[in-house]
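Asker: Here is my input; please provide its structure:
(chains A and B)
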Number of protein chains: 2
Amino acid sequence: MDESSLSAATRAPVSTDQLDGLVTVLHLVRSGQARTRPELARLSGMGRGAVTQRVAELMDSGLLVESELGRSTGGRPPRELAVRAEAGLVLVAPLGATHLAAGVTDLTGRVLDFVVEPGDIAAGPDATLARLEQLFDQLLSRTTVPEAPIYGIGVGLPGPVEFASGTPVSPPIMPGWDGYPVRARLSERHDVPVWVDNDVNLMALGELRVGAARNQQDVIYVKVGTGIGAGLISSGRLHRGTQGAAGDIGHARVDAASGIVCRCGNVGCLEALAGGAALSRDGTVAAAEGRSEFLGRMLAAGQPIAAADVAVAAEHGDPVAVELLSRSGQLVGETVATLVNFFNPSLVLLGGGVALAGDMILASVRETVYRRSLPLATRELRIERSTLTPDPALSGAAHMVLDELFSRQRLGRWLPVGSPSGYPEIAEEPAA
Amino acid sequence: MDESSLSAATRAPVSTDQLDGLVTVLHLVRSGQARTRPELARLSGMGRGAVTQRVAELMDSGLLVESELGRSTGGRPPRELAVRAEAGLVLVAPLGATHLAAGVTDLTGRVLDFVVEPGDIAAGPDATLARLEQLFDQLLSRTTVPEAPIYGIGVGLPGPVEFASGTPVSPPIMPGWDGYPVRARLSERHDVPVWVDNDVNLMALGELRVGAARNQQDVIYVKVGTGIGAGLISSGRLHRGTQGAAGDIGHARVDAASGIVCRCGNVGCLEALAGGAALSRDGTVAAAEGRSEFLGRMLAAGQPIAAADVAVAAEHGDPVAVELLSRSGQLVGETVATLVNFFNPSLVLLGGGVALAGDMILASVRETVYRRSLPLATRELRIERSTLTPDPALSGAAHMVLDELFSRQRLGRWLPVGSPSGYPEIAEEPAA
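Answerer: Numbering: from 1, shown residues only, chains lettered A, B, ... in the order given. Modelled structure (predicted):
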């Protein structure tokens, strides 16, 4: 979707008033806050005439539809408005340290199809993004709505990303990606705008919009996978920080005396002691030293021992595995306790492959946080596991793209608003 | 200012549109973003007629004034709008652990007069607030605008405060204050609304509105005084957290092995090792043991050794004092480094009596943060001292009150909006 091609010949200039109204109406309908014109007028503070015009323009442009399924309270029921989900597609790709995920969503952010496969982010951007484009092609070739235009692409990366430019900046576990122009590379093929963010930010955004964090104001999402990172929601919005680097907790030094060198080159980082790679390493050592019968059998069978295997061993009662997961959860919990005092969230969500593989880490994090945080900060705090499957970042990436496309800064640059139609004025909202 | 008394007989019901418009116009004028009706129309997205009406209503109600001092670019110059500063007063009181501050500001938040005196917050709420009311009376008795009504009271407390209710919750250093109804107590005397927040939040808000953090989006304010705490700005707004307890970093455990018991009852808290009380304690010990000549002379003269004395000794080159401050700065810096990775601010402001007494702590914090934070998070990070005197929380408390009074939730409940006047339509904004 080239922006200039959307600026169809029929497009009239959009005034500031009009643009603000369009953005407001789209936001209220997208977020589910308003479904009728009277609700839009009430919540937006816009006049009824203006609401009617903006809704008409958004229906003309194909972004909104209405149905007759309003509440029946006598009189003409108000017609329900919704985003026209099938008007376009969004391509999404939350990339992990050891897997590639690709998906296609509709304009409500609903995931229509996806594929996840193993993939090493350290293979570098050229190989990774070439494979990603193949996955996008595969998804598009089997879509049931082949005629729908692609509106944008959203990518998640397992490292710090400067959000404004979409560029990875000194990512500790992504050799070859530092400063790589992900946005330019991916916009070439489909000629659509591309946004890139840290993968944990997108997990947090996904949970905020369609998951467990819905309607929450202040949330910390903690991913414990191969690496460890956090995504923050402040007052209902993603807190990305000045360079988009907020949430980098994996490389906080938690135990310098351990002498354990992290992939980032420093010593004693949280990630190096408590992340998936650490569990794999320590589980392998325990197996080799004969301290874990369960893991020892795996190693003897020639299997590499992954973090998930340690979790399985723990579920089977293997004492060494239980100890490793408990220590990991405690280290994560101590960092989270500091963050809870600092940020005072209502909800901490635990996600990532390691945190989700069994209950041990969640239990250990909970115990540590409730013990170590201040009473006021934990009075109504919930610590839950992230439940959006297969990956909350699929939804999050789609909502990142839609938020940006439908933003005040951007909407007026591409929305094909025709001349106002003869839609009727808004009916009074029936008394409840 | 009783709310009902403001609901004068002439008051017409305020519609939703009207209320949103009033809030928007006030916000744009207060923040300095718009000074003319054409600027208001452009920035608000409101129609010119609506802007003209809302401005007229705000002028009728006495909150806005206009001057003829617009730019002269040919044609009729647009008239400049401003908040009518002298329309009312705000009483503010940022209370510290060891001092009481009280001030009076105008409706732009400008501090007109203030008084600071020693005071122990541990004396409890009855004694402290009784003295505060005497200070308010003293300030009001000497004001040059005795006829201006009081619009509200803003209080800062050195501990966790549940912002919604204005109630201190388990404050570690404030015996007798837990759950005390500060709001009810203070609204009795002057019959005005009262808001209460943590003192560091108010320092951050003051710097955001009129100080070094102006125009910054993401800021951490760190207070190193008797206690240690932080205030957070996320996307240009104060992040208070779910219970209003965000920023509680003083009781993060930084060295359990130290065995040092904090006033909160736990062991190894940052505050117990690096705060003003710690410097006072360790300086006294050093003096008693003959390790510091400078401090030893003070102790011999019968003077208690405060944190500020340690700073003075360090400025005079006393090696023990230098070591104490350097260690304090390093401990604070290590916590701040974690927070910088987590929050990715563009600015860290250091305030509080201990941080401001000399350059040692600032230098030590800077060195530690730049060494220990991630490259992306410190690329454009500035670490500065807070410069608003005597206390940024005086301005911050006033802006807290004004933000709440002029909010959408509140403005319509007290603003005396009369019938619309015959103000002219907005003139076109002259081309630049």
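Asker: and A:Gln216, what element?
Answerer: Using DSSP states H and E, A:Gln216 sits within no helix or strand.
Asker: List the contacts of the closest residue in space to it that isn't next to it in sequence.
Answerer: In this structure, A:Gln216 finds its nearest non-sequential neighbour in A:Leu347, 5.1 Å apart by C-beta to C-beta, 6 or more residues apart in numbering or on different chains. For the C-beta atoms, the positions are set from N, CA and C on the backbone; glycine is no exception. A:Leu347 makes contact with A:212-213, A:216, A:218-220, A:381-384 under the criterion C-beta atoms under 8 Å, 6 or more residues apart in numbering or on different chains.
Asker: any idea how far A:Leu347 is from B:Gly250?
Answerer: Relative to B:Gly250, A:Leu347 is positioned 24 Å away (C-beta to C-beta, to the nearest Å).
Asker: likewise A:Ala377?
Answerer: Distance, A:Ala377 to B:Gly250, by C-beta to C-beta: 13 Å.
Asker: which one of those two has more residues nearby?
Answerer: Neighbour totals were compared for A:Ala377 and B:Gly250, and B:Gly250 leads with 30 against 26 (other C-beta atoms under 10 Å in any protein chain shown).
Asker: quick one: pLDDT of A:Ser4?
Answerer: The model reports A:Ser4 with a pLDDT of 41.
Asker: ah, wrong one, I meant A:Gly241
Answerer: The model's pLDDT for A:Gly241 equals 92.
Asker: can you pull the contacts of it?
Answerer: Going by C-beta under 8 Å, 6+ apart, A:Gly241 touches A:247, B:218, B:343-345, B:377.
Asker: near chain B, which residues of the stretch 151-300 of chain A show up?
Answerer: Within the stretch 151-300 of chain A, the positions adjacent to chain B are A:160, A:162, A:169-170, A:217-218, A:230, A:232, A:234-235, A:237, A:239-249, A:251-253 by C-beta under 8 Å from any C-beta of the partner chain.
Asker: if we go to 7 Å?
Answerer: For the stretch 151-300 of chain A, the residues in contact with chain B (C-beta under 7 Å from any C-beta of the partner chain) are A:160, A:169-170, A:217-218, A:230, A:234-235, A:237, A:239, A:241-243, A:245-249, A:251-253.
Asker: Give me the buried subset of these.
Answerer: Buried residues within those, counting neighbours by 16 or more other C-beta atoms under 10 Å in any protein chain shown: A:160, A:169-170, A:217-218, A:230, A:234, A:239, A:241-243, A:245-249, A:251-253.
Asker: In strands, which of the residues you listed fall?
Answerer: Judged by DSSP state E, the subset of these located in strands is A:230, A:234, A:239.
Asker: now the nearest residue to the second one once chain neighbours are set aside: how far from A:Arg30?
Answerer: The shortest distance from A:Ser234 to any residue other than its chain neighbours is 4.0 Å, reached at B:Ser234 (C-beta to C-beta, 6+ apart). With the distance defined as C-beta to C-beta, B:Ser234 ends up 23 Å from A:Arg30.
Asker: again, but for A:Ala50
Answerer: 19 Å.
Asker: Check A:Gly241 too.
Answerer: With C-beta to C-beta as the criterion, A:Gly241 and A:Arg30 are 25 Å apart.
Asker: now do A:Ala102
Answerer: From A:Ala102 over to A:Arg30 the distance is 23 Å, taken as C-beta to C-beta.
Asker: can you tell me the residue of the stretch 251-400 of chain A closest to chain B?
Answerer: A:Asn344 (2.4 Å; C-beta to the nearest C-beta).
Asker: And for the helix or strand where A:Val200 lies, what's in contact with it?
Answerer: If you go by DSSP H and E, A:Val200 is part of helix A:199-210. Applying C-beta atoms under 7 Å, 6 or more residues apart in numbering or on different chains, the contact partners of helix A:199-210 are A:94-96, A:109, A:156-158, A:213-214, A:219, A:221, A:223, A:229-233, A:238, A:240, A:247, A:349, A:351, A:386, A:388, A:392-397, A:399-400.
Asker: what do you get if the cut-off is 6 Å, keeping everything else the same?
Answerer: Under the criterion C-beta atoms under 6 Å, 6 or more residues apart in numbering or on different chains, residues A:94, A:156, A:158, A:213, A:221, A:223, A:229, A:231, A:233, A:238, A:247, A:349, A:351, A:386, A:388, A:392-393, A:395-397, A:399 lie in contact with helix A:199-210.
Asker: Ok, stretch A:248-264 next?
Answerer: A:160, A:172-173, A:227-230, A:267-273, A:331, A:335, B:338, B:341-342, B:374.
Asker: Which among those residues count as buried?
Answerer: A:160, A:172-173, A:227-230, A:268-273, A:331, A:335, B:338, B:341-342, B:374.
Asker: Which of those fall in helices?
Answerer: A:270-273, A:331, A:335, B:338, B:341-342 (DSSP state H).
Asker: Turn those residues into JSON lines, columns for distance to B:Leu324 and pLDDT.
Answerer: Output for those, formatted as JSON lines (distance: C-beta to C-beta, whole Å; pLDDT from 0 to 100):
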{"residue": "A:Leu270", "distance to B:Leu324": "29", "pLDDT": "92"}
{"residue": "A:Glu271", "distance to B:Leu324": "33", "pLDDT": "92"}
{"residue": "A:Ala272", "distance to B:Leu324": "32", "pLDDT": "93"}
{"residue": "A:Leu273", "distance to B:Leu324": "31", "pLDDT": "94"}
{"residue": "A:Leu331", "distance to B:Leu324": "30", "pLDDT": "93"}
{"residue": "A:Thr335", "distance to B:Leu324": "28", "pLDDT": "90"}
{"residue": "B:Thr338", "distance to B:Leu324": "22", "pLDDT": "87"}
{"residue": "B:Asn341", "distance to B:Leu324": "27", "pLDDT": "89"}
{"residue": "B:Phe342", "distance to B:Leu324": "28", "pLDDT": "91"}
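Asker: could you check the distance from the residue nearest to A:Gln216 over to A:Leu208?
Answerer: Taking C-beta to C-beta, one finds A:Leu347 at 10 Å from A:Leu208.
Asker: Verify the contact between A:Phe294 and A:Asp318 for me.
Answerer: Yes. The pair A:Phe294 and A:Asp318 qualifies as a contact (C-beta atoms under 6 Å) at a distance of 4.2 Å.
Asker: Do a quick rundown of the helices in the stretch 301-432 of chain A.
Answerer: Assigned by DSSP state H, counting those that start in this stretch, the stretch 301-432 of chain A shows helices spanning A:307-315, A:319-343, A:353-356, A:360-372, A:375-378, A:392-405, A:408-414.
Asker: where does chain A dip in pLDDT?
Answerer: A:1-14, A:68-77, A:415-432 (pLDDT under 70).
Asker: what's the domain layout of it?
Answerer: As given by automatic domain parsing, the domain ranges for chain A are A:3-86+A:407-414, A:88-205+A:391-405, A:216-385.
Asker: could those domains go into JSON lines alongside distance to B:Gly88?
Answerer: Listed next are those as JSON lines, based on distance: least, C-beta to C-beta, whole Å:
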{"stretch": "domain A:3-86+A:407-414", "distance to B:Gly88": "26"}
{"stretch": "domain A:88-205+A:391-405", "distance to B:Gly88": "39"}
{"stretch": "domain A:216-385", "distance to B:Gly88": "28"}
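Asker: who wins for proximity to B:Ala278 among those?
Answerer: domain A:216-385 (18.7 Å; C-beta to C-beta).
Asker: and the closest one, how far apart are its ends?
Answerer: One end of domain A:216-385 to the other measures 15 Å (C-alpha to C-alpha, to the nearest Å).
Asker: where along the stretch 51-200 of chain A do the helices fall?
Answerer: A:125-141, A:182-190, A:199-210.
Asker: Pick the most deeply packed of the ones you listed.
Answerer: helix A:199-210 (a mean of 29; mean count of other C-beta atoms under 10 Å in any protein chain shown).
Asker: so that one versus helix A:392-405, what angle?
Answerer: 80 degrees (axes from the mean of the first three to the mean of the last three C-alpha atoms, to 10 degrees).
Asker: Can you list the strands that the following helix or strand past helix A:199-210 pairs with?
Answerer: Going down the chain from helix A:199-210, the next helix or strand is strand A:219-224, by DSSP H and E. Strands that pair with strand A:219-224, judged by DSSP bridges, come out as strand A:228-234 (antiparallel), strand A:347-351 (parallel).
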